[in-house]
Structures are given as C-alpha cells and as structure tokens.
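# Next input, structure requested:
(chains A and B)
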Amino acid sequence: MTASTFATRSNALPPAKGKAGFGGALASEWTKIRSVRSTMWILLALLVLTIGISALGSHGQANNLPTNNGVVAYIHNTRDLEFGTILGQLVVIVLGALGVASEYSTGMIRTTLSVQPRRGTVYLAKLLVLAAVTLVIGEIIAFVSFFIGQSFFSSQGIQFSLSNTATLMAVIGAGGYLTGCALLAFGLGALFRNTAAGIAVPVAMLLVVDILVNAALPSTWQVHIDRYVPMEAGFQMWSTVHQPGQDLSAWNGFGVFMIYVVAALAAGFWSFTQRDA
Amino acid sequence: MIEAQGLTKRYGDKVAVNNLTFAIKPGQVTGFLGPNGAGKSTTMRMILGLDAPTAGTVTIGGKPFAKIANPMREVGALLDAKAIHGGRSAYNHLLCLAQTNNLPKRRVDEVLALVGLTEVAKKRSKGFSLGMGQRLGIAAALLGDPQVLMFDEPVNGLDPEGILWIRNFMKTLAREGRTVFVSSHLMSEMEATADHLLVIGRGQLHADCTVEEFIERNSELSIRVRTPEVDRLAGLLVAKGALAAPDGEGALLVTRLGMNEIGDLAFDNQIRVHELTPIQASLEQAFMRMTADSVEYHATPLPGVPVGVPVGGPVGGPVPQQPQPPQPQLAAPAQQPVQNSEV
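Model prediction:
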C-alpha cells in the first residue's frame, strides 16, 4: 500500500459555521428512526392492529346495541369507536422504549454522545422526533378508526359527528393518548437504560396498576383512587362520557395523565444527562 | 492537544484512574499502553465526557469536550467498533452522525471511499466482519476531518492486513499534523506504531516518554552465568553489588554487573565458568513487570527520574520478601530476584 491510499481528506471540508445544535440533532434522530427496520415494523403494526381492533370493536358495538324495552338505549361515547387504542398503547410503548433504551443496549449511545456531547440537546431531539412521529401516526389511527366506526354506527341509525366538539376532542385525544404512552415509555427507557424495563414498567403502570386497583382494593377506596391511576385518567382523553364522582373530566384526565408522563420524562432526562454513559 | 490534570475516576472503593496528568501533542502517534483493566478505556471515556471524572479535568484544545462548538470537527473517536445499531446501514449510520454536526452528505461518501466500504454502504452493519466494523468506526471518526483522533484498541481481533492498514493510517494522520492517541495492551503493537508512550497500570501513570526512551530505560541487560560453583559465585557477585538469581536450569541470571566484571571476578577467585551469555529482557516483559498487579509497583515515577533505573544499593539479605524500595524494579530477570549472599 502506498501512502496515497491513506489521504484522509479527499475534499477539505468548508470551515465550520455556527455550532452543532438542536437542528442537527433533530435531523440525526429522524434519520435514526427511519433507517431501522424494527421501528418501521412497529409503526406498521401499530397502524394495522389499532385500526383493525377499533374496527372490530365498533362493528361489534354497533351490531349489539343495548336496548331498553325494544328501544335502543345507546349512550354516545366516542371511546367505542377507538377501542383499538387499548391494544395500540402496548405497541406504542415498545416504540417509545426503543427510542432511547435501544441505544444503550446496542452501545450506539457512546457513539452518539461522542459526536454530540451536549446530552440535553440529544435527549430533547429524541423526545421531539418520537413525539412527532407517534402523534402523526396516532392521529391517523384515531381518525381512520373514527370514520370506520362511524360508518358501522350510522348503518344502525346512530350518528357520530366531528362537528361535535367533544367528539372531535376525543378523537384527537385518542391519538394524543398513544403519544403520551410512547413518551412515558421513552422516559422510563432512558431512566432504566434497558429496553425490557422500558416496556415492562410502563405496561405495569398502565395495565397492572389499573387491574390491581379495581380487583384488590375495597370498593370504598377504589372509587377514590381509580380515577387517578394513569390509564383511567388517560382514558378520559378519548372518552365523551364521564361519570360524575367516578371519572375525571377529559381535561382533568389529560392533566393527570400528563403528570405521569412528565415525571417519567424528567426522570429519564436526569438519568440521560447525569449518569455515565 | 489533549491535556489532563489530576484526572481521577473511582467506582465506589475501586480506583480505575488515579491522578493522571499528561499532555498529548499533535504531529505524533501517542500510544496509551497498559494491560487490560489498567484504566485506558475509562480515561478515553472521560476525555469524551462519557464518564464524568471523580476529580481532575481534561481538555481538548483547551476546552472540555462538551464545550466544543462542533465536536466532530475537533475530535474523532473510535472507542468501540461494535457500539453501533446493527440494523442500520453503514451509510445511514454515518449520515445520522454527520447530521449532528451539520456536515455535508458528500462527506459520508468520501469517508466510505476512504476506508473502502463504498460497496457495502447500503448493507446493514450487523453482517459486517470485525475488520469492516473497524473500518466503519474509523470512517465515523474521520467524518469531521478532525484534528484529534482517538482509537481504543483498534487492532483488536484484526487480521494482519487490517493491522497493517490501521498502523499506516494512524501514522499518516499524525504526519498530517493531527493528534493521534491510540491505546493498546500490546507493547509490540506500540513499538510498531507509536512515537510517544503513556504507560498506565492500575490507573497510575508509569511512564510518559518516547518509545526509544522507554526501550532504553527498561530493557536492562542480564547475563546468564553457568558455573559448577553456583553458590560461591553468587555470593561474590552479590558482594560486588550485583543481583543474582537462579534461572531454574542450574545457571545464574546476573544484573547490574557487566560481562567483563563477572568473568574477571570468577577468574580472580578461580571459579570455572562454562557460559557467559548476555540476555536482553524483552520490552514486553519489562512492560508486564512495570504494570503487574503487585504491591511492588505502586510508585509513580517522579518527574525527572528515569523510569526503571534501580535505586538503592545492593541488599545483602537473603529474603526477597523484604519491603521493597518504592521505585519499580524493572527488567530484572523473570524470576523473583533471590539474592544468594551465603554459601
């Protein structure tokens, strides 16, 4: 081999302008998320499964409407058109957990932080890209699910309409809830730096806590606690029927759910920025 | 230029890196030599801010790494070639790195060509051989055309061709005026690559000198002496200030006394000598002894005191387990020196 084989600059780079910052970090994280097959498969699974289950759910509901003395006694609840969200939250948790924990499991994080050592910038860029991707996919899912469900119900003479503000908010809320679940898993994945824990802990927080509160607590307590557990609070975001004294309102449910999400993101931020990589 | 001041890392009670102070200069390959677990990787991780030092500071071009406006333009590092997402193609891996520092896309193609990975650029890196992975890591380090390059054990697991390639590559980078800092646990590798050496053992700095100086200081000559009167000659040698140790095969290994003096001493005392052979302790051996996990080698050489020069006069006692002077005794014969003062 000759020395010329090793010429390290075939074209000298232009002098650096400005500073490696948030814009570059965003572009990089977007490249990362779209250049790995696993995230694309998860997004596809999220789309197909959630819409599919929603369609099955609303089909079943619309064809088995409750009656009272032969009169249809159905209470309009937009939640009935977004049934797949219950499954979708599990899929989106996997995506969120992978968002940062996979960099720890592959070791990629050390490369990432060797090119951009400002960790807060990296964390926020990852968070924002994940939030944007899940929000877009989540809203697509929510609206497609709504229109499919709407057609099933309308064939039974029951009309749902997006011109109803509460209905529109609930449909948007369904997509928002999925985004929140992804961010919850993202924060916890960053905290534990482990994909398995990043999946298991949010699933436990959402499903297991809810089941325990409903099954294990005396009903006098359960009534007071249930509405504040993450999944029950989050469900109010995509529901249009809130039992007074039992459920939070949509906005309060959103607020309580976001407290959990923000707490997880803050814990993840601490772990990501303060601990040795 | 990489400068460390009192750099220290503790994990609980365990000290991984202890009070390192050094300056790594541009225009040469600086080898970072130490056995596995000596603290080389930890030091490099602290340089990059991946690990926070327990005490001390380290700067690159006068700034902590995290304060550098465009990190890739200043520093390129290959710490672990496997620290990548195997599901991403080589091209996309490099692209996502380049984007963080707003480097043009064409630079990705350039470095791929530079390391010879153009043909597999669209392949996922999990299918790469060790050598290809290493090349991809080097491509990543070169993306920003940086002035400082760091490689942690870059030749580990490579075939001879790959080793040669990386060696020449590092030398070329240094010739271009860059700072090249490369770690290895193999002395022979450093002899072949480095101009300057930092030797580390158990987190302590043992030497900071050129490779030539290191060889000169540490390859002490010992002489094999075969005689029927081993004990008598050994006693005489020790009385003259030499260290004499049995080599396990009936001969003596003598240090601190020249071949002529040994021959004359034997002649004067009418001791027959059957063999006198000079033996150069290998540098590898010197390095191993220097960094061995042993209480004898705790000391840090003082500035100005050449490493490896035995200090202290001849010790007459027959006991090798006596408290040793704090200076490292280097390049003594492989066996624990036994001083036979008695016949």
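
# number of nearby residues for the residue nearest to residue B:38 when sequence neighbours are not counted?
Nearest residue to residue B:38, sequence neighbours excluded (Cβ to Cβ, 6 or more residues apart in numbering or on different chains): residue B:200, at 4.8 Å. For every residue, glycine as well, the C-beta is placed using N, CA and C. By the criterion of other Cβ atoms under 10 Å in any protein chain shown, residue B:200 has 27 neighbours.

# Can I take it that residue B:200 is in a strand?
Yes: Residue B:200: assigned to a strand according to DSSP: H, G, I helix; E, B strand; the rest coil.

# Helices of the stretch 1-150 of chain B, residue ranges please.
Taking DSSP state H, counting those that start in this stretch as the test, the helices found in the stretch 1-150 of chain B are B:40-47, B:71-74, B:90-100, B:106-114, B:130-142.

# For chain A, find the nearest of these.
Checking these against chain A by Cβ to the nearest Cβ gives helix B:90-100 as the closest, at 3.8 Å.

# Run the contact check for the closest one versus chain A.
Yes: Helix B:90-100 lies within reach of chain A by Cβ under 8 Å from any Cβ of the partner chain, at B:92, B:95, B:96, B:97, B:99, B:100.

# you'd agree the third one is up against residue A:26?
No: Residue B:96 is beyond contact range of residue A:26, at 11.2 Å (criterion: Cβ atoms under 8 Å).

# Among the helices of the stretch 1-150 of chain B, which comes closest to residue A:176?
Evaluated with Cβ to Cβ, the helices of the stretch 1-150 of chain B place helix B:90-100 nearest to residue A:176, the distance being 28.0 Å.

# could you check the angle helix B:130-142 makes with that closest one?
Calculated by axes from the mean of the first three to the mean of the last three Cα atoms, to 10 degrees, helix B:90-100 forms an angle of 20 degrees with helix B:130-142.

# distance between helix B:90-100 and the chain's centre?
Centre-to-centre, helix B:90-100 and its host chain are 32 Å apart (Cα atoms, centre = their mean, to the nearest Å).

# Mean confidence (pLDDT) on it, please.
Rounded to a whole number, the mean pLDDT of helix B:90-100 is 96.

# Who are the packing partners of it?
helix A:22-34, helix A:108-115, helix B:71-74, helix B:106-114, helix B:130-142 (3 or more Cβ pairs under 8 Å, 6 or more residues apart in numbering or on different chains; DSSP states H and E).

# Provide a list of residues in contact with residue A:74.
A:65, A:66, A:158 (Cβ atoms under 8 Å, 6 or more residues apart in numbering or on different chains).

# Need the per-residue pLDDT for the first one.
Listed pLDDT for residue A:65 reads 88.

# What of the last one?
Residue A:158 carries a pLDDT score of 90 in this model.

# Could you say which helix or strand holds the residue lying closest to it once chain neighbours are set aside?
Leaving aside its sequence neighbours, residue A:158 sits nearest to residue A:74 (Cβ to Cβ, 6+ apart; 6.0 Å). Using DSSP states H and E, residue A:74 sits within no helix or strand.

# Tell me which residues of stretch B:271-279 come out buried.
B:271, B:273, B:276, B:279 (16 or more other Cβ atoms under 10 Å in any protein chain shown).

# Next, give me the two most distant ones among the residues you listed.
Farthest apart among those by Cβ to Cβ are B:271 and B:279. That separation is 20.2 Å.

# List the buried residues of stretch B:110-118.
B:110, B:111, B:112, B:114, B:115, B:117.

# hmm, I was thinking of stretch A:75-90
In stretch A:75-90, counting by 16+ other Cβ under 10 Å, buried: A:76-90.

# Report the lowest-confidence entry in the residues you listed.
Here the lowest pLDDT out of the buried residues of stretch A:75-90 sits on residue A:76, with 88.

# residues in contact with that residue?
Applying Cβ under 8 Å, 6+ apart, the residues near residue A:76 are A:158, A:160, A:167, A:240, A:241.

# give me the element it is part of.
In the assignment (DSSP H and E), residue A:76 maps to no helix and no strand.

# Tell me how far it lies from residue A:111.
Taking Cβ to Cβ, to the nearest Å as the measure, residue A:76 falls 52 Å from residue A:111.

# do the same with residue B:45
As judged by Cβ to Cβ, residue B:45 and residue A:111 stand 12 Å apart.

# Which residues are in contact with each of those two?
Each of residue B:79 lies in contact with both residue B:45 and residue A:111 under the rule Cβ under 8 Å, 6+ apart.

# Okay, and the beta partners of residue B:200?
residue B:205 (DSSP bridges).

# Report the contact partners of it.
The contact partners of residue B:200, taken as Cβ under 8 Å, 6+ apart, are B:20, B:32, B:33, B:34, B:38, B:39, B:40, B:43, B:206, B:291.

# any chance of the residues you listed in CSV, plus pLDDT and neighbour count?
Formatted as CSV, those follow (pLDDT from 0 to 100; neighbours: other Cβ atoms under 10 Å in any protein chain shown):
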residue, pLDDT, neighbour count
B:20, 94, 25
B:32, 94, 28
B:33, 91, 29
B:34, 88, 26
B:38, 87, 24
B:39, 91, 25
B:40, 93, 23
B:43, 96, 30
B:206, 87, 26
B:291, 67, 22
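
# So which of these are in strands?
Using DSSP state E, the subset of these located in strands is B:20, B:32, B:33, B:206.

# how far away is the last one from chain A?
Pointing back at residue B:206 there. Distance of residue B:206 to chain A, computed by Cβ to the nearest Cβ, to the nearest Å: 25 Å.

# And for the third one?
Counting by Cβ to the nearest Cβ, the separation of residue B:33 from chain A is 22 Å.

# That residue touches residue B:187, doesn't it?
Yes: with contact defined as Cβ under 8 Å, residue B:33 and residue B:187 form a contacting pair (6.5 Å).

# List the residues that contact the nearest residue to residue A:67 once chain neighbours are set aside.
Excluding its sequence neighbours, the residue lying closest to residue A:67 (Cβ to Cβ, 6+ apart) is residue A:73, at 6.0 Å. By Cβ under 8 Å, 6+ apart, the residues touching residue A:73 are A:65, A:66, A:67.

# nearest to residue B:130, of these?
Nearest to residue B:130 among the contacts of residue A:73, with distances taken as Cβ to Cβ, is residue A:65, at 64.3 Å.

# On the three-state scheme, the closest one is what?
Of the three states, residue A:65 takes coil under three-state DSSP.

# That one reaches residue A:152, doesn't it?
No: using Cβ under 8 Å, residue A:65 makes no contact with residue A:152, being 10.7 Å away.

# which residues in chain B form strands?
B:2-11, B:14-24, B:28-33, B:55-60, B:75-78, B:148-152, B:179-184, B:196-201, B:204-210, B:221-226, B:243-246, B:252-255, B:275-280.

# actually chain A, not the one I typed
A:67-68, A:71-72.

# Can I get those strands in CSV including mean neighbour count?
Formatted as CSV, the strands of chain A follow (neighbours: other Cβ atoms under 10 Å in any protein chain shown):
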stretch, mean neighbour count
strand A:67-68, 9
strand A:71-72, 8
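
# Run through the residues that contact residue B:130.
B:81, B:157, B:158.

# What is the burial count for the last one?
Using other Cβ under 10 Å, residue B:158 has 19 other residues around it.

# Okay, it and chain A: tell me how far apart.
In this view, residue B:158 and chain A are 15 Å apart by Cβ to the nearest Cβ.

# Can you verify my assumption that that residue contacts residue B:166?
Yes: Residue B:158 is within contact range of residue B:166, at 6.9 Å (criterion: Cβ under 8 Å).

# Return every residue with contacts to both of the two.
Residues touching both residue B:158 and residue B:166 (Cβ under 8 Å, 6+ apart) are residue B:134.

# Give me the below-cutoff pLDDT ranges for the chain.
Picked chain A for this. Applying pLDDT under 70 to chain A flags the ranges A:1-12.

# should've been chain B
In the prediction, chain B carries residues with pLDDT under 70 at positions B:219-220, B:280-283, B:285-286, B:289, B:291-343.
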